[in-house]
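*Asks:* sequence first, predicted model second:
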Amino acid sequence: MELTPYITVITAMVSTHQPIQTTSLDETPTATVIPTPFIHTVALGETISSLALRYGVEMAAIREANPDVDPNAMTVGMELVIPFSAEEPIGGIALEPLPLVLSEPACRETVEDGLWCLAEVENPLERAAVNITAVFELHDASGEILQRLTVPSLLNRIHPGERIPLAAYFAKKPANTFTISAKLVTAQPVDGFGYTFLPVEITQKQVVIEGKMAVVSGEVTVEVSEEARSAVWVAAVAFDRVGNLIGVRRAELELAEGADGKINFSLFVYSFGPDIAEVRVIAEAFQLIQ
């Protein structure tokens, strides 16, 4: 079965309560030199605003670096220049990622001859990390790179001991034999990055599993700011009976200034292979760049 797009963007402002998660720990990490400028591959649901938040760059700077890109017509797989200096990284983007653990990617072909690849990053450290991105590469039999995608993690922040997924979609899989690899590009300490995260709690959670599909719903409570709009991201992560990652989905919601901090969510998550045995639901909330 094809894995459907993994991000559900809810654009309506919600002002009232409405019904409706591979570097080994035993290895010394080596510096990963990020090209200047950094090239970001657009994932489903991403906007200039969300990229500005992720990289700590002004939206105007991203637009200026990509004059031929219509911010209202960005597509999956589009490459955007994220401007920063290697000597003075914008947003504190580190040249050497924190030693998080990235799993081997698992891939599944789609009926359109594309390829979905999933991996999980785990935080074995005693501090949270943000700005997690990984590069997925398809190689031919000789090891040459056929395609490359740099994608962000499903949520912005990963707590100690937590795991969050990454998903890469290749619109056209190689015609011949290929292999897939993934490695961390960025992962940095949360301190000083520029995110203002808010306490968030998932309540009244319900998960109904029907074979390769699951319906996830519930309520999110956020300690909202009186002076700024807030974003709430809810992610559903599906596993098979032996614990393999087989599907992800994210809902993006927004709370207006002065909202009561409660919002309901509902989303579907699909397996790209075996039946779903378990769904983990995680959420985060943060203030939006004004």
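*Replies:* Structure's in. What do you need?
*Asks:* where's Leu149, which helix or strand?
*Replies:* Leu149 belongs to strand 145-152 when assigned by DSSP states H and E.
*Asks:* given that strand, what are its sheet partners and their directions?
*Replies:* Here strand 145-152 is paired, per DSSP bridges, with strand 129-139 (antiparallel).
*Asks:* quick one: average pLDDT of stretch 145-164?
*Replies:* Taken as a whole, stretch 145-164 carries a mean pLDDT of 90.
*Asks:* thinking again about what came up before, only the buried residues of the strand holding Leu149, if you could.
*Replies:* Within strand 145-152, the residues that count as buried by 16 or more other Cβ atoms under 10 Å are 147-152. Where you see a C-beta, it was placed from the backbone N, CA and C, and this is true even at glycine.
*Asks:* can you list contacts of the next helix or strand after it?
*Replies:* Sequence order places strand 157-158 as the next helix or strand after strand 145-152, per DSSP H and E. The contact list for strand 157-158 (Cβ atoms under 8 Å, 6 or more residues apart in numbering) reads 21, 100, 121, 123, 128-130, 132, 164, 190, 195, 197, 284.
*Asks:* and which of those is nearest to Val111?
*Replies:* Nearest to Val111 among the contacts of strand 157-158, counting by Cβ to Cβ, is Ile164 at 27.5 Å.
*Asks:* which elements pack onto the helix or strand encompassing the closest one?
*Replies:* When elements are assigned from DSSP H and E, Ile164 belongs to strand 163-170. When contacts are defined as 3 or more Cβ pairs under 8 Å, 6 or more residues apart in numbering; DSSP states H and E, strand 163-170 sits against strand 115-122, strand 129-139, strand 145-152, strand 230-239, strand 245-255.
*Asks:* after that strand, which helix or strand is next?
*Replies:* strand 179-189.
*Asks:* what pairs with that next one, and is each one parallel or antiparallel?
*Replies:* Within its sheet, and counting by DSSP bridges, strand 179-189 is paired with strand 129-139 (antiparallel).
*Asks:* what's the angle from the strand it pairs with to strand 115-122?
*Replies:* Calculated by axes from the mean of the first three to the mean of the last three Cα atoms, to 10 degrees, strand 129-139 forms an angle of 140 degrees with strand 115-122.
*Asks:* and strand 129-139, which residues are buried?
*Replies:* 129-139.
*Asks:* list the contacts of the residue lying closest to Val42 once chain neighbours are set aside.
*Replies:* Excluding the flanking residues, the one nearest Val42 by Cβ to Cβ, 6 or more residues apart in numbering is Met78, at 4.4 Å. Contact partners of Met78, counting by Cβ under 8 Å, 6+ apart, are 41-42, 69.
*Asks:* can you check Val269 too?
*Replies:* Residues in contact with Val269, defined by Cβ under 8 Å, 6+ apart, are 213-214, 216, 236-238, 247-249, 276, 279.
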